[in-house]
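Dropping the sequence and predicted coords here.
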Number of protein chains: 2
Amino acid sequence: MLWSKDFIPTLKEIPQEAESLSHQLMLRAGLVRMLIAGVYSYLPLGLKVLNNIQKIIREEMNSSGASELLLPALQPQELWIKSGRDKDIGDVMIKFVDRKGRNVCLGPTHEEVITDLVKNHIASYKQLPLVLYQIQTKFRDEIRPRFGLIRACEFIMKDAYSFDAHEHGLDKNYKAMSNAYKRIFRRCGLKILITEADPGVMGGNVSHEFMAPTQDGEDVVLLCPKCKSAKPFKETNDQSCPKCNVRLEKINTIELGHIFKLGTKYSSVLGANFIDAKGQQKPIIMGCYGIGVSRLVSAIIAQNHDKEGIVWPKEISPYQVIILPLDTTDKKIMDKARQVHKELGQGGIEVLFDDRDERAGVKFKDADLLGISLQIIIGRESLKKNALELKIRRNQKKIIKTKSAILEEIKRFVNG
Amino acid sequence: MLWSKDFIPTLKEIPQEAESLSHQLMLRAGLVRMLIAGVYSYLPLGLKVLNNIQKIIREEMNSSGASELLLPALQPQELWIKSGRDKDIGDVMIKFVDRKGRNVCLGPTHEEVITDLVKNHIASYKQLPLVLYQIQTKFRDEIRPRFGLIRACEFIMKDAYSFDAHEHGLDKNYKAMSNAYKRIFRRCGLKILITEADPGVMGGNVSHEFMAPTQDGEDVVLLCPKCKSAKPFKETNDQSCPKCNVRLEKINTIELGHIFKLGTKYSSVLGANFIDAKGQQKPIIMGCYGIGVSRLVSAIIAQNHDKEGIVWPKEISPYQVIILPLDTTDKKIMDKARQVHKELGQGGIEVLFDDRDERAGVKFKDADLLGISLQIIIGRESLKKNALELKIRRNQKKIIKTKSAILEEIKRFVNG
């Protein structure tokens, strides 16, 4: 992709609206723009990052035996009255009466809708277990949207739901999802803490949260410096580790995911039953498993940056390589740059080509800010030596070698 | 994918809610389910079809030089008041006041939002032309939602926007988009008519509609049986072809896409200006280009079915192959079926494995209803001959050959 054909509005200054470092970097690198408080447009680079995260999630969910579907944002309020959650959720749910007189809401989550869907098509234990998931846009009427994508009014979630005939089936699916989550966050370059949490409005009695430690987070977790066990901070918490008897540390974190053993909370009130092997009717045993997809962008930046800008983990980088021809008026430089661009493209490598008529200093600064994993710098110096310069963004290491050797380095990096 | 692990609730009976043949088939094949009138869940097979359509659209948009982003559904009503369209759009737009007291709406389209976004970052003719697009969920408060995905309250659109410094730049982008649309619809297996249309509430003075002729459509087009030119039906139309002087035929169609030369309608009122080569400030010249992504599912089915069920075009088929082991209690049959499943998977071919304990008749009927391009039928008969049976769904042709010959046939079909 040519930078001149794309829409990557980088900013030199720190925008006033930015409330945290990840928020600043997201705006400065041209990933997102605010439309109104809590509501963001994903610009081309931001969307690419989002797609890379979603690709990892899909691969790990599919390989765990889950099947993807897509549920609507519009939901009948009636289902929320049936489950009794309309009151628990309160004003954070956006509700309206449509022209047909229907009481509609914008779903902040989909337990009711999926239970209602499954109940019409699952009749027997033979059709269980079943795990369904979606990646979908949710809406919340946040009174105080904050930190860019972290607490937003419109955001993208992955929500999965498991349906089982037995408790041990739920245990197995819960474990499989927990393991999938660990793989997802590792591939996204995220260090996490797992805490046993309060299921709250979701219901059920077991739940775990996946938290990313970072200054930018607003969720406080108590961590034992010795055994590394973690739990959510509450004012009433006894502040020492019961196992190690040492003082717990307060850590700021971003909540990335939350998984719940729901049991029969939804199936029993919504009538989602199955006939077991002995011919008895029973409510389906459920679990639900969420990941805040769009806030992952914030968390990844919060944990992967340096003072120059973002340092994307390999699988998340919006492009794998950025090519920086240092003088666009120099035919030799541009010819070499185009040739490298073409060869990388043929090798299936995604490349951003900075064809802007800008000074070398501007290009260097923007490339570091954007955080694309590899930079190929093409200037008079290296051309004279018949060589290319490769810079690895993460460690700022520079390699000067022949073109074919540099292309080999890139292939190794991408596939390694 | 194993059928038993997936969620494909096929129906033997025609559901009462179905208003058209494509709607019937969509429900019977387990592609979608209605939540409330005009609001649908995409089940796993339906989502796969949707994804295949989106993949084609992305490929053709990207190769036309467009760059993808993602705009929010929530929009400030203020932008619609500025453009003067709040009154034109009327009650079909869903509006509400949020807890912060903001007047928010769910965008039925994004001309205002993208013009506002681009205006903050485009200053010079050097940054033009620019073409941006998104694939995104839209909301309309339809008073009479109909025909499943054709007239829905929540639906998926592809909307693209071009930004140019000159009229001839707009002409060029308009032509490129029109050509991309022809390629998209051809790859989706859709026959189309192109009509010169009334820009209506969008504005501008040139627009074209891409219509799919089918009984299921509610848009009437007048077609000249001789020169094949088409125009939208209006009560006041002179009903004969001005060129051929023959009576025009009334044809039912589904509107698939609509492209508009907007000119400066939005840029001038929202202040999206640029400085031209002579240093003069001018409003950016715009075009917009829509495709009704989710209704394409309906249109494709309407044009691609027979009396047994859906016949998916090759690039749209949710899986490329369905394997039908005719007796799941027969170890030899199941071993062979699993072996074929594995080998196809290793070859990168997407396979649905019908592992349900159902009679052969049920599996045949469901496979034809689902419309997956190729069926591999594994029963005692063919095993005795040490052969596999391949059925091509489109022409119901059966081929009985050795396993390796059948796998070759499949490869040829998929890559051909």
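Here it is on my side, so go on.

Measure how buried A:N173 is and give me the count.
A:N173 is flanked by 27 other residues according to other CB atoms under 10 Å in any protein chain shown. The C-beta positions use only the backbone N, C-alpha and C, and glycine is treated the same way.

and it, helix, strand or coil?
Following DSSP: H, G, I helix; E, B strand; the rest coil, A:N173 is assigned to helix.

quick one, strands of the stretch 101-250 of chain A?
A:103-106, A:130-139, A:154-164, A:193-196, A:206-213, A:219-223, A:230-232, A:249-263 (DSSP state E, counting those that start in this stretch).

nearest to A:I14, of those?
strand A:249-263 (20.5 Å; CB to CB).

which strands and helices sit next to the closest one?
helix A:167-187, strand A:206-213, strand A:219-223, strand A:285-292, helix A:293-303 (3 or more CB pairs under 8 Å, 6 or more residues apart in numbering or on different chains; DSSP states H and E).

Which residues of the stretch 301-416 of chain A lie near chain B?
Contact residues of the stretch 301-416 of chain A with respect to chain B, defined by CB under 8 Å from any CB of the partner chain, are listed as A:D357.

in the stretch 301-416 of chain A, which spans are helices?
A:331-346, A:360-370, A:380-384, A:403-415 (DSSP state H, counting those that start in this stretch).

With mean neighbour count, distance to B:G38 and mean pLDDT as added columns, please give these in JSON lines.
Shown next, in JSON lines, are the helices of the stretch 301-416 of chain A (neighbours: other CB atoms under 10 Å in any protein chain shown; distance: least, CB to CB, whole Å; pLDDT from 0 to 100):
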{"stretch": "helix A:331-346", "mean neighbour count": "16", "distance to B:G38": "43", "mean pLDDT": "96"}
{"stretch": "helix A:360-370", "mean neighbour count": "18", "distance to B:G38": "42", "mean pLDDT": "98"}
{"stretch": "helix A:380-384", "mean neighbour count": "14", "distance to B:G38": "60", "mean pLDDT": "91"}
{"stretch": "helix A:403-415", "mean neighbour count": "15", "distance to B:G38": "45", "mean pLDDT": "94"}
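
just to revisit the earlier point, can you redo the helices and strands packed on strand A:249-263 as TSV with mean pLDDT?
TSV is the format used below for the helices and strands packed on strand A:249-263 (pLDDT from 0 to 100):
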stretch	mean pLDDT
helix A:167-187	98
strand A:206-213	96
strand A:219-223	93
strand A:285-292	98
helix A:293-303	97
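
and of those, who's closest to A:L79?
strand A:285-292 (15.0 Å).

in its sheet, what does the closest one sit against?
The strands beside strand A:285-292 in its sheet (DSSP bridges) come out as strand A:154-164 (antiparallel), strand A:249-263 (antiparallel).

Can you show me the helices along the stretch 1-150 of chain A?
Using DSSP H, counting those that start in this stretch, helices in the stretch 1-150 of chain A cover A:21-28, A:44-63, A:77-83, A:85-89, A:111-119.

quick one, what contacts the nearest residue to A:L130 once chain neighbours are set aside?
Nearest residue to A:L130, sequence neighbours excluded (CB to CB, 6 or more residues apart in numbering or on different chains): A:F163, at 4.5 Å. For A:F163, the contact set (CB atoms under 8 Å, 6 or more residues apart in numbering or on different chains) comprises A:118, A:122, A:128-132, A:272, A:284-286.

Ok, A:P44 next?
A:6-8, B:67-69, B:132.

now, which of those residues sits nearest B:K332?
Taking the contacts of A:P44 together and measuring to B:K332 by CB to CB, the closest member is B:E68, at 49.1 Å.

The closest one is in contact with A:L50, isn't it?
No: counting by CB atoms under 8 Å, A:L50 is not a contact partner of B:E68; they are 10.7 Å apart.

Determine which two of the contacts of A:P44 are furthest apart.
Between any two of these (CB to CB), the greatest distance is 12.8 Å, for A:I8 and B:E68.

among the helices and strands packed on strand A:249-263, which is nearest B:E409?
Nearest of those to B:E409, taken as CB to CB: helix A:167-187 at 36.6 Å.

hmm, back to that, between the helices and strands packed on strand A:249-263, which one is closest to A:I156.
helix A:293-303 (4.2 Å).

Go through that closest one and flag the buried ones.
Using 16 or more other CB atoms under 10 Å in any protein chain shown as the test for burial, helix A:293-303 gives A:293-303.

number of nearby residues for the residue nearest to A:I399 when sequence neighbours are not counted?
In space, and not counting its chain neighbours, A:I399 is closest to A:L390: 4.5 Å by CB to CB, 6+ apart. Neighbourhood size, A:L390 [other CB under 10 Å]: 22.

and what of the one 5 residues further on?
A count of nearby residues for A:N395, using other CB under 10 Å, gives 9.

Closest to A:R247 out of the contacts of A:P44?
A:I8 (46.7 Å).

How about the backbone phi and psi for that closest one?
phi -130, psi 80 (degrees, to the nearest 10).

just checking, it touches A:V32?
No: taking contacts as CB under 8 Å, A:I8 lies outside contact range of A:V32: 11.9 Å.

For these two, indicate the residue with more neighbours.
A:V32 (25 against 22).

In the stretch 251-400 of chain A, what residue comes closest to chain B?
Across the stretch 251-400 of chain A, the shortest distance to chain B (CB to the nearest CB) belongs to A:D357, at 8.0 Å.

before we move on, back to that, could you list everything the residue nearest to A:L130 pairs with in the sheet?
Residues in beta-bridge contact with A:F163 (DSSP bridges): A:L130, A:M286.

So for it, what's the pLDDT?
For A:F163, the pLDDT comes out at 98.

likewise A:I57?
pLDDT, read off for A:I57, is 98.

Same check on A:A230?
Reported pLDDT for A:A230: 91.

contacting residues for it?
A:A230 neighbours (CB under 8 Å, 6+ apart): A:193-195, A:211, A:221-224, A:251.

From those residues, keep the buried residues only.
By 16+ other CB under 10 Å, these give A:193-195, A:211, A:221-224, A:251 as buried.

Farthest pair within those?
A:M211 and A:C224 (14.3 Å).

Name the residues of the stretch 101-250 of chain A found near chain B, please.
A:102, A:104, A:113, A:116-118, A:120-121, A:126-127, A:130, A:132, A:137, A:139, A:141, A:143, A:153-154.

try it again with 10 Å
By CB under 10 Å from any CB of the partner chain, the residues of the stretch 101-250 of chain A that approach chain B are A:102, A:104, A:106-107, A:110, A:113-114, A:116-118, A:120-122, A:126-132, A:134, A:136-137, A:139, A:141-145, A:152-156, A:163.

so what's A:F274 bridging to?
Going by DSSP bridges, A:F274 forms beta bridges with A:K282.

residues near it, how many?
23.

For it, list the residues it contacts.
A:F274 sits next to A:118-119, A:122-128, A:163-165, A:267, A:280-285 when contact means CB atoms under 10 Å, 6 or more residues apart in numbering or on different chains.

Selecting buried members of those in PyMOL, what would you type?
Buried subset of the contacts of A:F274, written as a PyMOL selection, criterion 16+ other CB under 10 Å:
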select buried, chain A and resi 118+119+122+125+127+128+163+164+165+267+282+283+284+285
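
Help me confirm that the residue nearest to A:I399 comes into contact with A:I377.
Yes: using CB atoms under 10 Å, A:L390 is in contact with A:I377, at 7.8 Å.

Now do the shared contacts for these two.
A:398, A:400.

Please check the residues of the stretch 101-250 of chain A next to chain B and keep the buried ones.
The buried subset of those - by 16+ other CB under 10 Å - is A:102, A:104, A:106-107, A:110, A:113-114, A:116-118, A:121-122, A:127-132, A:134, A:136-137, A:139, A:141-142, A:145, A:152-156, A:163.
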